[in-house]
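Student: no sequence on hand, only this structure:
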């Protein structure tokens, strides 16, 4: 191939030839395009929670996500494989986005880039707001660091021209902010919160200005002063996993979720369920319900399964899951309490690519209570006594988490 060649949505054929002259051919399932006449192009994100993938890998939960974005963000697109566009983020960093989440702008549209302007930090009763003035809506990603706690936001296509940062006295959760020019058009914002435990933050645009909204720590770290969102996994036509007796995961999770709701309410907490009956809804719709509810903590209930690739007798135990490192402590305390039910340890699992774990806006945890595919686990899940015990241990885990946060603040 030459630099000027055009190729659109074509598989690659590999040929192997042995010494006897026998030739074997195999075509890739993926398709490749070379379009020097139209790339690079500028596209804008569209749809509900468009996202950037790290690469082209996938599994039952989808590819590993670098970032969730909002509609209207401009991307530099410099290639395509199959149904995904390649996005140039920085000099040595690329990502991928499904083509149905991008609207290509006319050829010749200027490549998105911006200088960063002045910053301002303000607050209200629930949130602190960091505003960074930009000229374009450019892509971003975020992660957190612990010990010390930091919230990191990376902007792609930005160069620093920020010469002052104004912080108002009504901001209560942001202690310090700083920035670093990581590389060419790779700009990093570092937020140091007042408290060690992050209680949620969101990233959005107001016009072309980036807004980082950081939730205040609840005034009281007592369970009776908090609001919980409890999600019963699956539902309706999404039956989830199946036990040998015909027990359905969607039925078990709803029963445990209702037990958990009653257990939390008995402690004085407020609780909302993402579903009260055997109804189907997308996980993205459930997440919207949770975020609109004003809940302080999200707990998603599931029952695990070995699937078809593992021994259902050997695959057993309980586990908890998180995506963002700042929310790991909640999952750890619940996991330790679940083990008191004499369930085998299956693990505390991070970087979990599940929709209800994906949000940075609320501390969240997914609890795989037991393996429904395991005969012993299925018998436990069929037991009303066991399900109630699960609910109690989750509540104890939440109380342990809150107690730990209070203790760290006293020692801070």
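Tutor: Structure received. Quick caveat, the model's predicted, so the values are computed rather than measured.
Student: what lines up beside the helix or strand bottoming out on mean pLDDT in the chain in the sheet?
Tutor: Ranked by mean pLDDT, DSSP states H and E, the helix or strand of the chain with the weakest confidence is strand 23-34, at a mean of 82. If you go by DSSP bridges, strand 23-34 pairs up with strand 7-17 (antiparallel), strand 74-81 (antiparallel).
Student: next secondary structure after that strand?
Tutor: Following strand 23-34 in sequence order, the next helix or strand is strand 41-45 (DSSP states H and E).
Student: sheet-wise, list the partners of that following strand with their directions.
Tutor: strand 74-81 (antiparallel), strand 102-104 (antiparallel).
Student: which SSE is immediately downstream of the shortest one?
Tutor: As assigned by DSSP H and E, the chain's next helix or strand after strand 102-104 is strand 114-116.
Student: if we can go back for a sec, quick one: contacts of the least confident helix or strand of the chain?
Tutor: For strand 23-34, contacts defined as Cβ atoms under 8 Å, 6 or more residues apart in numbering pick out 1, 5-17, 56, 79-82. Where C-beta positions appear, they are placed from N, C-alpha and C, glycine not excepted.
Student: do the same with stretch 386-400
Tutor: By Cβ under 8 Å, 6+ apart, the surrounding residues in contact with stretch 386-400 are 223, 228, 252, 255-256, 259-260, 262-264, 267, 297, 299, 330, 333-338, 340-341, 367, 369, 380-381.
Student: give me the buried subset of those.
Tutor: With burial judged by 16 or more other Cβ atoms under 10 Å, the buried subset of the contacts of stretch 386-400 is 223, 228, 252, 255-256, 259-260, 263-264, 297, 299, 330, 333-338, 367, 369, 380-381.
Student: among those residues, which are located in helices?
Tutor: 252, 255-256, 259-260, 263-264, 330, 333-338, 380-381 (DSSP state H).
Student: nearest to residue 142 among the residues you listed?
Tutor: Lowest distance from residue 142 to those (Cβ to Cβ) belongs to residue 330, with 18.7 Å.
Student: who touches that closest one in this structure?
Tutor: 297, 322, 363, 364, 365, 397, 398, 401.
Student: show me which of the residues you listed is closest to residue 183.
Tutor: residue 322 (29.3 Å).
Student: show me what contacts the residue nearest to that closest one when sequence neighbours are not counted?
Tutor: Among residues not flanking residue 322 along the chain, residue 331 sits closest, at 4.4 Å (Cβ to Cβ, 6 or more residues apart in numbering). By Cβ under 8 Å, 6+ apart, residue 331 lies in contact with 320, 321, 322, 348, 365, 366.
Student: of all those, which two lie farthest apart?
Tutor: 348 and 366 (11.1 Å).
Student: who has more neighbours, the two?
Tutor: Counting neighbours by other Cβ atoms under 10 Å for residue 348 and for residue 366 shows that residue 366 has the greater number, 23 against 17.
Student: can you pull out the helices in the stretch 101-250 of the chain?
Tutor: Per DSSP state H, counting those that start in this stretch, the stretch 101-250 of the chain carries helices over the ranges 249-266.
Student: what's around the closest residue to residue 195 other than its chain neighbours, how many residues?
Tutor: What sits nearest to residue 195 in space, not counting adjacent residues and going by Cβ to Cβ, 6+ apart, is residue 217, at 4.9 Å. Using other Cβ under 10 Å, residue 217 has 19 neighbouring residues.
Student: host element of residue 292?
Tutor: helix 283-293.
Student: now for that helix, which elements pack on it?
Tutor: On a contact count with 3 or more Cβ pairs under 8 Å, 6 or more residues apart in numbering; DSSP states H and E, helix 283-293 meets strand 227-232, strand 270-273, helix 355-358.
Student: show me what the longest one packs onto, helices and strands only.
Tutor: Packing contacts for strand 227-232, counted by 3+ Cβ pairs under 8 Å, 6+ apart, involve helix 249-266, strand 270-273, helix 283-293, strand 297-304.
Student: show me the shaky parts of the stretch 1-150 of the chain.
Tutor: 1, 3-4, 33-37 (pLDDT under 70).
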